[in-house]
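Student: what follows is a predicted protein model with its sequence.
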Amino acid sequence: MSRIGFCLTAAFFAAFLSGAALAQTSPSSPATKSTPAPSTTDSSKASMPTQVEKWTKDQWEAAKKEWAKETTKWADCRQQSSKQKLEGRKSWPFLYKCMTS
């Protein structure tokens, strides 16, 4: 057998074996998806500040009323937001994170 034939045969078997390996890992993919379920809740918590950007003004005003009850923390968070030059809706995710941490 020539070198080219040998290389093609080896490449064929390598491709075949890697395809078989992929086929064997496919059934475990759903198991992998179910395993990160707890981290999915963590990621939903992490994405909450990005959801805050989509709140209506009424939702934002209601949150501000609740947070304003904690006067010291609310004032500190607002001051940090001002230092970062965050204004309007751009400040909402920061203030949410600050007040909920």
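Tutor: That came in fine, so what should we check first? The model shown is predicted, which means the values in this text are computed figures rather than measured ones.
Student: quickly find the element holding the nearest residue to Glu70 once chain neighbours are set aside.
Tutor: Distance criterion C-beta to C-beta, 6 or more residues apart in numbering; nearest residue to Glu70, sequence neighbours excluded, is Met99 at 7.5 Å. Where C-beta positions appear, they are placed from N, C-alpha and C, glycine not excepted. According to DSSP states H and E, Met99 maps onto helix 92-100.
Student: ok, residues contacting that helix?
Tutor: By C-beta atoms under 8 Å, 6 or more residues apart in numbering, the surrounding residues in contact with helix 92-100 are 48-50, 52-53, 55, 60, 63, 67, 70, 73-74, 76-78, 80-81, 84, 86.
Student: can you rerun that using 6 Å?
Tutor: Pro49, Val52, Glu53, Trp67, Cys77, Ser81, Leu86 (C-beta atoms under 6 Å, 6 or more residues apart in numbering).
Student: ok, Gly88 - how many residues close by?
Tutor: Counted with other C-beta atoms under 10 Å, residues neighbouring Gly88 total 6.
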